[in-house]
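# coordinates only, no sequence provided:
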């Protein structure tokens, strides 16, 4: 697809201040002059005194912070919900040096079952993501601290979180990544031409070759044209390497890649283009506050359900990525029984029920699985919390019979072997009683219900099957199923036998919470 298929309209947005809370230079500003400031000196003094009582100056400052998501479990593998800020200690754990304690600058309790507890996350560039699926379904804590100068250099940085509470285990991502902050002369020259286009396509239609270090935001813009899609794409200027010119202007060179996917997560189309802008000093200052903004418009080809945007800074090679649905998000307050029924009916037509680990397109009533690439010496389930996820999948059921992959996992990885998926979800039990679970896996997999290990099929092996029955009360229950694929064929099938019934594929659409039952 040629670049002219993507129409890029670049403009600096000056009406809305986007002040990230975690990175970049300090920004000081004050309110715009009021009409009184254009009057006589005496009136200006009187007006200044009056405005002084109303706090006329607004201090806007960004602080470099690292945000760590931490899950705490007790000795029975149940989440610990009553830890306080004083119960945590956090350290920078640099190689070949002593651990450096850091003071917490923010502390939040996050309960996924309570939307009110969710705070607006900082931009993706320097957030220590513990896996969106894992923390999205589990009560956890968000700890923020300001790193030392050593913690802000390019590359990976190790962290350590401990607690003074006895018999508590903490799980968290143990490192974060900072992209290049400059472009030294010795830096390898980024690929150009066809090689650069292929690298951008791989990043957009599969996953980034390195963790994201460019922070960006994208929003679907409604338009009257049903044949095209339009997005507002804002790149945080703090993430970019602006080239200083002799007249104090700045130049920025960005490559954009856009991959669209259908509801099953299969790539439909890839498009790319480049933007080169010279910003005058005043434009550069505005960009530091508001971001570097573009309107992106491209043809709506096929049944596109999701668009993935990748931005590459040509000066440093840093990358950023974000997924955005091609339809507007329905607010929670507008979700009703009719909408849910229609959504489930449409989703039932998607080809994800058989022979699929899931789709990259989020939908209701699904298990969410963080995807990882593993080394070829993996012989048992790894501790996924210590690895960096490369993407996420959503599925209503796990029904991958014994087969050989031919195209990897669409939208996530082209690997046919040596990957792992860590599934998390919730299901509703309306009829209490004894439920049987049957798990078949090649290679290793475990099944946890309400944080208790029910079936253990860990290890590298051919398809194995195990069963176990447990009693479940009425209400919501959690399910956790970590899985890894070694060499050759793949198998992952989960079945359930309800009270008085027969074994069938476990499908969350059979266990969704009734619309007339409020969440606890």
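Looks like it came in fine. What you see is a predicted model; the values in this text were computed from it and never measured.
# tell me the pLDDT of the nearest residue in space to residue 219 that is not next to it in sequence.
Spatial nearest neighbour of residue 219, chain neighbours left out: residue 232 (4.8 Å); criterion: Cβ to Cβ, 6 or more residues apart in numbering. Where you see a C-beta, it was placed from the backbone N, CA and C, and this is true even at glycine. At residue 232, the model reports a pLDDT of 90.
# low-confidence regions, the chain specifically.
1-64, 94-97, 115-131, 181-193, 328-355, 517-520 (pLDDT under 70).
# residues in contact with residue 252?
240, 242-243, 275-277, 279, 292, 313 (Cβ atoms under 8 Å, 6 or more residues apart in numbering).
# what about the residue nearest to residue 219, neighbour count?
Counted with other Cβ atoms under 10 Å, the neighbours of residue 232 add up to 14.
# now do residue 428
Neighbours around residue 428, by other Cβ under 10 Å: 17.
# go on, the one 10 residues further on?
Residue crowding around residue 438 was assessed by other Cβ under 10 Å; the count is 20.
# then it would be within a strand, right?
Yes - Residue 438: assigned to a strand according to DSSP: H, G, I helix; E, B strand; the rest coil.
# with adjacent residues omitted, what lies nearest to it?
In space, residue 438 is closest to residue 495, 4.2 Å off (Cβ to Cβ, 6+ apart).
# does that neighbour touch residue 502 like I think?
No - the criterion here is Cβ atoms under 8 Å, and residue 495 misses it with residue 502 at 9.5 Å.
# tell me the SS of the residue nearest to residue 366 when sequence neighbours are not counted?
In space, and not counting its chain neighbours, residue 366 is closest to residue 394: 4.1 Å by Cβ to Cβ, 6+ apart. Of the three states, residue 394 takes strand under three-state DSSP.
# contact partners for residue 394?
Shown in contact with residue 394 (Cβ under 8 Å, 6+ apart): 358-363, 366-369.
# likewise for residue 400?
Neighbouring residues of residue 400 by Cβ under 8 Å, 6+ apart: 355-357, 490-493.
# farthest pair in those residues?
356 and 491 (13.0 Å; Cβ to Cβ).
# between residue 495 and residue 502, which one's more packed in?
Shown here are residue 495 and residue 502; by other Cβ under 10 Å, residue 495 has more neighbours (20 against 9).
# beta partners for the more buried one?
Per DSSP bridges, the residues bridged to residue 495 are residue 438, residue 505.
# what's the answer for residue 141, then?
Going by DSSP bridges, residue 141 forms beta bridges with residue 70, residue 109.
# what sits against it?
Residue 141 touches 69-72, 83, 88, 107-110, counting by Cβ under 8 Å, 6+ apart.
# count the residues that sit near residue 475.
Residues lying near residue 475 (other Cβ under 10 Å) number 12.
# whoops, residue 219 was the one
Neighbour count of residue 219, defined by other Cβ under 10 Å: 12.
# work out for me the element it sits within.
Secondary structure from DSSP states H and E places residue 219 in strand 216-220.
# so how far is that strand off the chain centroid?
Counting by Cα atoms, centre = their mean, to the nearest Å, strand 216-220 is centred 13 Å from the centre of its parent chain.
# and the helices in this structure, which stretches?
Residue ranges of the helices in the chain, as given by DSSP state H, are 41-53, 132-136, 193-205, 281-290, 337-347.
# end to end on stretch 467-479, go ahead and measure it.
16 Å (Cα to Cα, to the nearest Å).
# got the contact list for that stretch?
137, 367, 423-439, 447-451, 454-455, 497, 513, 519-520.
# rerun that using 6 Å as the cut-off
With contacts defined as Cβ atoms under 6 Å, 6 or more residues apart in numbering, stretch 467-479 is touched by 425-429, 432, 434-438, 450, 454-455.
# which ones among these map onto strands?
Here DSSP state E is the test, and these give 425-429, 434-438, 454-455 as lying in strands.
# would you mind putting the residues you listed into TSV with distance to residue 149 alongside?
Shown next, in TSV, are these (distance: Cβ to Cβ, whole Å):
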residue	distance to residue 149
425	42
426	43
427	48
428	50
429	53
434	59
435	55
436	57
437	51
438	55
454	48
455	48
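# weed out the non-buried ones from the contacts of residue 400.
356-357, 490-493 (16 or more other Cβ atoms under 10 Å).
# nearest to residue 100, of those?
residue 357 (40.5 Å).
# the closest one: what's it in contact with?
Contacts of residue 357 by Cβ under 6 Å, 6+ apart are 393, 409, 421.
# picking up where we left off before, taking the contacts of residue 400 one by one, which sit in strands?
In this view, these that belong to strands under DSSP E are 490-493.
# for these, give me TSV that also has distance to residue 100.
As requested, the ones in strands among the contacts of residue 400 are exported to TSV (distance: Cβ to Cβ, whole Å):
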residue	distance to residue 100
490	44
491	46
492	42
493	48
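# returning to that earlier point: could I get the contacts of residue 357 as JSON lines with neighbour count and distance to residue 307?
Listed next are the contacts of residue 357 as JSON lines, based on neighbours: other Cβ atoms under 10 Å; distance: Cβ to Cβ, whole Å:
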{"residue": "393", "neighbour count": "26", "distance to residue 307": "17"}
{"residue": "409", "neighbour count": "26", "distance to residue 307": "18"}
{"residue": "421", "neighbour count": "28", "distance to residue 307": "23"}
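# so which of these is the closest to residue 196?
Distances from residue 196 to these, taken by Cβ to Cβ, are shortest for residue 409, at 24.7 Å.
# okay, and the beta partners of the residue nearest to residue 219?
Residues in beta-bridge contact with residue 232 (DSSP bridges): residue 219, residue 295.
# and residue 312, by the same measure?
What pairs with residue 312, by the bridge criterion (DSSP bridges), is residue 255, residue 319.
# and for it, the neighbour number?
Neighbours of residue 312 (other Cβ under 10 Å): 26.
# same deal with residue 377?
Neighbours around residue 377, by other Cβ under 10 Å: 8.
# the nearest residue to residue 320 once chain neighbours are set aside and residue 509, how far apart?
Once flanking residues are discounted, residue 320 sits nearest to residue 214: 2.9 Å by Cβ to Cβ, 6+ apart. Separation of residue 214 from residue 509 (Cβ to Cβ, to the nearest Å) stands at 38 Å.
# ok, now which ones touch the residue nearest the centre of the chain?
Residue closest to the average C-alpha location in the chain (Cα atoms, centre = their mean): residue 132, at 5.4 Å. Taking Cβ under 6 Å, 6+ apart, we find residue 132 in contact with residue 392.
# now do it against residue 214, distance only.
Residue 132 is 18 Å from residue 214, by Cβ to Cβ.
# one more: residue 386?
Where residue 214 is concerned, residue 386 sits at a distance of 25 Å (Cβ to Cβ).
# who's more crowded, those two?
Set residue 386 next to residue 214 and count neighbours by other Cβ under 10 Å: residue 214 wins out with 25 against 11.
# which residues touch that one?
Residues near residue 214 by Cβ under 6 Å, 6+ apart: 239, 311, 318, 320.
# likewise for residue 508?
365, 396, 427.
# tell me how many other residues crowd the first one.
Residue 365 has 21 neighbours, counted by other Cβ under 10 Å.
# the contacts of residue 141, buried ones only, as a PyMOL selection?
This is how PyMOL selects the buried members of those, with burial counted by 16+ other Cβ under 10 Å:
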select buried, resi 69+70+71+72+83+88+110
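# out of the contacts of residue 141, flag the one nearest to residue 443.
Checking the contacts of residue 141 against residue 443 by Cβ to Cβ gives residue 71 as the nearest, at 25.1 Å.
# go ahead and confirm the closest one touches residue 139.
No - counting by Cβ atoms under 6 Å, residue 71 stays clear of residue 139, with 7.5 Å between them.
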